[in-house]
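>>> Okay, predicted coordinates and the sequence, questions at the end:
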Amino acid sequence: MKPLRALAPAVVVLGALATPYVGPASASTAPQAAPQASTSRGTSTPVKATPKLPRVKEYVSLGDSWSADVVFANQDGTPDSTYAPIDCAQSHRNYPKLVAAELGVATLRDATCGSATTDDFTAPQDLPAGGQNPPQFDRLTKSTDLVTVGIGGNDAGIAGAGMDCLNALPVANPLPAGTVPPLPDNPVPVIGSEAPLGGCKDKYTAGGHDQLSERIRQAEPKLVAAFRAIHRISPHARVLAVDYLSLVPDHGCYPTVPATDEDMSYIHDKFIELNAMVKRAAGRGGAEFVNTYTPTLGHDFCQLPTVRYGEIYGPSANDPAVGVPAHPNAAGARAQAAVVLDYLRRH
């Protein structure tokens, strides 16, 4: 999803960010080999072995900020510029990097970038600090054998809409629609396109027409075309369509998520529609669908700091970091990686 556009990355020096990196192996959820179970006759029943991970030589990750797991700064310092410009805000430990480490791939090309849409798969993406991410498809080759894709939220405009739900008041907006003039258009919504007085449901369903549902439907053929194009460029690759984590609650929780229950219920439903669209597009485009939503239920923005998989404001205690508002935190990245790895073990 879209990160903060004012992303000339802030180098935030915090003592808490010096926590040692424990390594990507924490992404793995594979259980240890279990002992054989005894039967009533004193014999033993073999326990089915955990499926092994496939061998992958060349892995390319494509997608937006929820795949890049964008940060301003964490214990690694500023964002990772190994695979993309620094103003893509890639975390050093986003889920693609954790997956690649667990798979032991020889070659990783991580093209994920904040604010990306499907248009940025085939054209350069201009970035807020003056950088430019080359077309993400440029990382694909005929020898690529694994591709993960996390895209669609920005095509549908869900990020900006979600930030329009935020409300500086713990009550519904008491002012009539249009009373507060809209703020200048901000492509990276921190407070949305209007003053932070909530009312996103009314805004996006005015006149009985749900604009976000329409945008989600319009984004579907773009994703289908992208999946099909990946197969043409990399004919031997497995293509995994990875959906969006369950971060958006169906209710507000002041002050952690400052929004009314009505608005949050609405935007929660739009995220479910978005994930359903990603699944349909994967089926039509020949990609394998990986459901990260269901395994991450109960870890939304309203949960305790050590439980939630994302931060509505940015600063995180799980691991210490200054992240981009309304995005996954490090625990969310590990959860994404664990789901992808589990899928690869079982399919």
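That came through, no problem. Residues are numbered from 1 along each chain as shown.
>>> from here on, contacts and neighbour counts on C-alpha atoms
Noted.
>>> distance of Thr306 from Gly332?
Thr306 sits 11 Å away from Gly332, going by C-alpha to C-alpha, to the nearest Å.
>>> between those two, who's got more neighbours?
Legend: neighbour count by other C-alpha atoms under 10 Å for Thr306 and Gly332, higher for Gly332 (27 against 12).
>>> and the one helix or strand the more buried one maps to, what does it pack onto?
Here Gly332 sits within helix 330-346, counting by DSSP states H and E. Secondary-structure packing of helix 330-346 (3 or more C-alpha pairs under 8 Å, 6 or more residues apart in numbering; DSSP states H and E): helix 95-103, strand 288-290.
>>> can you do 7 Å?
Counting contacts by 3 or more C-alpha pairs under 7 Å, 6 or more residues apart in numbering; DSSP states H and E, helix 330-346 is packed against helix 95-103.
>>> downstream neighbour of the helix it packs on in the secondary structure list?
Once helix 95-103 ends, the next helix or strand along the chain (criterion: DSSP H and E) is strand 107-110.
>>> Summarise which helices and strands that following strand is packed against.
strand 58-63.
>>> From the centroid of the protein, which residue is nearest?
Trp66 (2.1 Å; C-alpha atoms, centre = their mean).
>>> In a helix, that residue, correct?
Yes - assessed with DSSP: H, G, I helix; E, B strand; the rest coil, Trp66 lies in a helix.
>>> Let me see the confidence value for it.
Note on Trp66: pLDDT of 97.
>>> Helices along the chain, start to end?
Ranges of helices in the chain, per DSSP state H, are 65-68, 95-103, 158-164, 200-204, 211-233, 261-285, 330-346.
>>> nearest to Asp243, of these?
Set against Asp243 and scored by C-alpha to C-alpha, those come closest in helix 261-285, at 5.7 Å.
>>> and the closest one, what does it pack onto?
Counting by 3+ C-alpha pairs under 7 Å, 6+ apart, helix 261-285 packs on helix 200-204, helix 211-233, strand 288-290.
>>> one step back: dump the helix holding Gly332 to CSV, restricted to CA.
Extracted C-alpha coordinates of helix 330-346, given in CSV (Å, rounded to 0.1, in the frame of the first residue of the first chain):
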residue,chain,number,x,y,z
ALA,A,330,8.3,-6.6,11.8
ALA,A,331,6.0,-9.1,13.4
GLY,A,332,3.7,-8.7,10.4
ALA,A,333,6.6,-9.4,8.0
ARG,A,334,7.5,-12.6,9.9
ALA,A,335,3.9,-13.7,9.8
GLN,A,336,3.7,-13.1,6.0
ALA,A,337,6.9,-15.1,5.5
ALA,A,338,5.6,-17.9,7.7
VAL,A,339,2.4,-18.2,5.7
VAL,A,340,4.3,-18.2,2.3
LEU,A,341,6.8,-20.8,3.6
ASP,A,342,4.0,-23.0,4.9
TYR,A,343,2.2,-22.8,1.6
LEU,A,344,5.4,-23.8,-0.3
ARG,A,345,5.8,-26.8,2.0
ARG,A,346,2.3,-28.0,1.4
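>>> what's the average pLDDT for that helix?
98.
>>> Also compute the angle for that helix relative to helix 95-103, please.
Comparing the axes of helix 330-346 and helix 95-103 via axes from the mean of the first three to the mean of the last three C-alpha atoms, to 10 degrees yields an angle of 50 degrees.
>>> Any chance you could list what contacts helix 330-346?
27-29, 51-54, 69, 94-96, 98-99, 290, 292, 309-310, 318-319 (C-alpha atoms under 7 Å, 6 or more residues apart in numbering).
>>> Redo the helices of the chain as TSV? Include distance to Val324.
As requested, the helices of the chain are arranged in TSV below (distance: least, C-alpha to C-alpha, whole Å):
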stretch	distance to Val324
helix 65-68	9
helix 95-103	16
helix 158-164	12
helix 200-204	21
helix 211-233	23
helix 261-285	19
helix 330-346	12
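>>> Out of these, which gets nearest to Asp145?
Closest among the helices of the chain, once you apply C-alpha to C-alpha, is helix 211-233, at 10.4 Å.
>>> Quick check: buried residues in that closest one?
Buried residues in helix 211-233, defined by neighbour count with 16 or more other C-alpha atoms under 10 Å: 212-213, 215-216, 219-224, 226-231, 233.
>>> cool, stretch 233-253 as well?
Quick answer for stretch 233-253 (16+ other C-alpha under 10 Å): 233-235, 237-253.
>>> how about it as CSV, C-alpha atoms only?
Extracted in CSV, the C-alpha atoms of stretch 233-253 (Å, rounded to 0.1, in the frame of the first residue of the first chain):
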residue,chain,number,x,y,z
ILE,A,233,8.5,-13.5,-19.2
SER,A,234,9.3,-16.3,-16.7
PRO,A,235,7.6,-19.4,-18.2
HIS,A,236,9.1,-21.8,-15.6
ALA,A,237,8.2,-19.8,-12.5
ARG,A,238,5.7,-20.5,-9.8
VAL,A,239,3.7,-17.3,-9.4
LEU,A,240,2.2,-16.8,-5.9
ALA,A,241,-0.4,-14.0,-5.4
VAL,A,242,-0.1,-13.0,-1.8
ASP,A,243,-3.1,-11.1,-0.4
TYR,A,244,-3.2,-8.5,2.4
LEU,A,245,-2.8,-9.2,6.1
SER,A,246,-5.7,-8.9,8.5
LEU,A,247,-4.7,-5.6,10.0
VAL,A,248,-7.8,-3.5,9.5
PRO,A,249,-10.3,-4.1,12.4
ASP,A,250,-14.1,-3.8,12.0
HIS,A,251,-14.3,-1.2,14.7
GLY,A,252,-12.5,1.8,16.1
CYS,A,253,-10.4,1.7,19.3
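>>> Good, wrapping up.
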